[in-house]
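In: Quick one, fold the following:
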Amino acid sequence: MWKRVALALVALGLIFALGLLVGAVAGRWLPWGRTGMAFNNVTVLKQVQNLSQLVTVKYVLEKVINFEDAKWYGENRVLLVAHGVVKAGIDLDRLQAGDIQISGKTIHITLPRPRIMDVYLDDRQTEILERSTGIMRNFDKDLEQNARREAVEDLRRAASQSGILNDASERARAELTVLLYKVGFTDVDFKSK
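Out: So this is what the prediction gives:
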């Protein structure tokens, strides 16, 4: 009787070992065993869109703004040192299913153009150096706000001229490449719209 039980246990052990071996070998040969996940453009689109606005570059800039409101009877003037931040990246919500093509472990993505996502002044470091009101002019309470608005637009232009959009595009591609390699793709190709 013990011989039968021992023989049955050995047979069960061999069947179990054979099942493990077949599973491991079949996992390498079958396409769903390679990555552990079946990829299609809709699945990848949903995962990439979860990143939403991918901000990849942040420029910190400083600019001197001389804002004048001159009239024939006098001028109001503000001299402002604007310390600001400009952020740029890619809006991944604008991706569509047709922007992604998958062939095996190769993915081709047509990315939206990079854009400036945010521009703002750091109020702790922005300061007014001088403020003057002409003799025949009333105090203009909106003058400083207008100077700040002009500073934000000047910072936006300065960042654009300095290449923030190119930097944002390069960094977005690099970050997305790392992400897509981690999920199992071996070849990642980007195009721009």
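In: Show the contacting residues for the closest residue to residue 121 other than its chain neighbours.
Out: Distances taken as C-beta to C-beta, 6 or more residues apart in numbering place residue 84 nearest to residue 121, at 4.8 Å, with adjacent residues excluded. From N, CA and C alone the C-beta is placed, and that goes for glycine too. By C-beta atoms under 8 Å, 6 or more residues apart in numbering, the contact list for residue 84 reads 60-63, 119-122, 126, 151-152, 155.
In: From those residues, keep the buried residues only.
Out: Buried residues within these, counting neighbours by 16 or more other C-beta atoms under 10 Å: 61, 63, 119, 121, 126, 151-152, 155.
In: Among these, name the ones in strands.
Out: 61, 63, 119, 121 (DSSP state E).
In: So this structure: which segments form each domain?
Out: In terms of domains, the chain is parsed into 1-35, 37-192 (source: automatic domain parsing).
In: coming back round to it: farthest-separated two in the ones in strands among the buried ones among the contacts of residue 84?
Out: 63 and 119 (11.6 Å; C-beta to C-beta).
In: so what's in contact with the two at the same time?
Out: Jointly contacting residue 63 and residue 119 under the rule C-beta under 8 Å, 6+ apart are 84, 155.
In: Would you map the helices across this structure?
Out: For the chain, the helices defined by DSSP state H occupy 2-29, 31-35, 41-49, 143-161, 164-182.
In: rank those helices by pLDDT, which is bottom?
Out: Mean pLDDT values for the helices of the chain show the minimum at helix 31-35, a mean of 45.
In: Which of the ones in strands among the buried ones among the contacts of residue 84 scores worst on pLDDT?
Out: In this model, the minimum pLDDT among these belongs to residue 63 (90).
In: Quick check: the farthest pair among the buried ones among the contacts of residue 84?
Out: 119 and 126 (12.9 Å).
In: just checking, residue 143 touches residue 65?
Out: No. Using C-beta atoms under 8 Å, residue 143 makes no contact with residue 65, being 11.5 Å away.
In: Looking only at neighbour counts, state which of these two leads.
Out: Taking other C-beta atoms under 10 Å, residue 143 and residue 65 do not tie; residue 65 has more neighbours (21 against 18).
In: now residue 82: how far from residue 131?
Out: 14 Å (C-beta to C-beta, to the nearest Å).
In: neighbour count winner among the two?
Out: Using other C-beta under 10 Å as the criterion, residue 82 and residue 131 rank with residue 82 on top: 22 against 16.
In: Can you spell out which residues form a bridge with that one?
Out: residue 63 (DSSP bridges).
In: returning to that earlier point: make a markdown table out of the contacts of residue 84 and add distance to residue 108.
Out: Below are the contacts of residue 84 laid out as a markdown table (distance: C-beta to C-beta, whole Å):
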| residue | distance to residue 108 |
| --- | --- |
| 60 | 35 |
| 61 | 35 |
| 62 | 41 |
| 63 | 40 |
| 119 | 32 |
| 120 | 36 |
| 121 | 40 |
| 122 | 40 |
| 126 | 44 |
| 151 | 41 |
| 152 | 37 |
| 155 | 35 |
